[in-house]
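Visitor: Here is the input, now give the coordinates:
(one chain, ligands or ions: 1)
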Amino acid sequence: MTIGVERPDDVEAVRGVVARAFEADAAKVVDMVDALRATPEAWIPGLSFVARLDDEPVGHVLLTRCWIETERGRLDALMLTPLSVVPEHQGQGIGTALVAHALDVATAGGWPLVLLEGDPRFYGRRGFAAAEPLGFPSPAPQHIPPGAHQVALLPDHEPWMTGTLVNSAPLAALNELPRF
Ligand SMILES: CC(C)(COP(=O)(O)OP(=O)(O)OC[C@H]1O[C@@H](n2cnc3c(N)ncnc32)[C@H](O)[C@@H]1OP(=O)(O)O)[C@@H](O)C(=O)NCCC(=O)NCCS
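Guide: Numbers count the residues shown, from 1 in each chain. Sure, this is the predicted structure:
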């Protein structure tokens, strides 16, 4: 299995991987990725990663820009979503490897933190922790299940870098969270 930056000709394959992973929610999540791709303030080239088996795309993870309202102003941060592994290759460590790869690249890029909304049973063992106790109030407690709002603090994180998440427009629209 290899993980690399999405190539220009991967766009359709990424749509397929995301659709197959999310099944019933396929259209919503594929549309979300397309909308992020078309949002310059959110999309950062080089932060969309594809896992391949025998050169066949089987997994994908995306990091896009979000913001934290800190006491020193708005701070750029990263949002991890979506994470997708095609059904026939789930449970083989590919999702875990994609999360690790995304965090490694974010660390190397000097990003202070990565946020996501997901199942703490999965992400809690993969570098993430509940965000609220670490100083990141849930942006929409009425919509996000307890514990799902999570953060990975990276080596360049400093203590003042806390505050409420501000999502990019495509994610805000999806989650009914604060808009950019
Ligand atoms: C969740 C998902 C990305 C995990 O990828 P994966 O390659 O199967 O995961 P790994 O093999 O690295 O790790 C297996 C873990 O995933 C869990 N898992 C497997 N399939 C899962 C599924 N459909 N939904 C949630 N968790 C799942 C397993 O319980 C296991 O957990 P544990 O090791 O903490 O006990 C993948 O199953 C998937 O694409 N699911 C559908 C889309 C989705 O829910 N994405 C995440 C939300 S953004």
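
Visitor: how about the residues of the chain near the ligand?
Guide: 21-22, 81-85, 90-96, 118, 122, 125 (Cβ under 6 Å from any ligand atom). In this view, the C-beta of every residue, glycine as well, is placed from N, C-alpha and C.

Visitor: Which residue, neighbours along the chain excluded, lies closest to the residue minimising distance to the centre of the chain?
Guide: Centroid-nearest residue in the chain: L80, 0.9 Å away (criterion: Cα atoms, centre = their mean). Nearest-residue entry for L80: L116, 4.3 Å, with adjacent residues in sequence omitted and distances by Cβ to Cβ, 6 or more residues apart in numbering.

Visitor: Regarding the one you found, which helix or strand does it belong to?
Guide: strand 113-117 (DSSP states H and E).

Visitor: go on, A173?
Guide: helix 169-175.

Visitor: what do you get for V18?
Guide: Assigned by DSSP H and E, V18 falls in helix 11-22.

Visitor: ok, then the element right after that helix?
Guide: Immediately after helix 11-22, counting by DSSP H and E, sits helix 26-37.

Visitor: Could you pull up the mean pLDDT of that next one?
Guide: For helix 26-37, mean pLDDT is 96.

Visitor: what ranges do the strands span in this structure?
Guide: Using DSSP state E, the strands of the chain run over 2-5, 48-53, 56-70, 73-85, 113-117, 129-130, 149-153, 164-166.

Visitor: hey, which helix is longest across the chain?
Guide: Secondary structure of the chain per DSSP state H: the longest helix is helix 94-108.

Visitor: same for that helix, what does it pack against?
Guide: Using 3 or more Cβ pairs under 8 Å, 6 or more residues apart in numbering; DSSP states H and E as the contact test, the elements touching helix 94-108 are strand 2-5, strand 48-53, strand 56-70, strand 73-85, strand 113-117.

Visitor: Listing partners with orientation, what would you give for the fourth one?
Guide: The reference is to strand 73-85. Strand 73-85 has its sheet partners listed here by DSSP bridges as strand 56-70 (antiparallel), strand 113-117 (parallel).

Visitor: OK, contacts around the residue in the chain that the ligand sits nearest to?
Guide: Nearest residue of the chain to the ligand: G95, at 2.2 Å (Cβ to the nearest ligand atom). Contact partners of G95, counting by Cβ atoms under 8 Å, 6 or more residues apart in numbering, are 59, 83, 85, 122.
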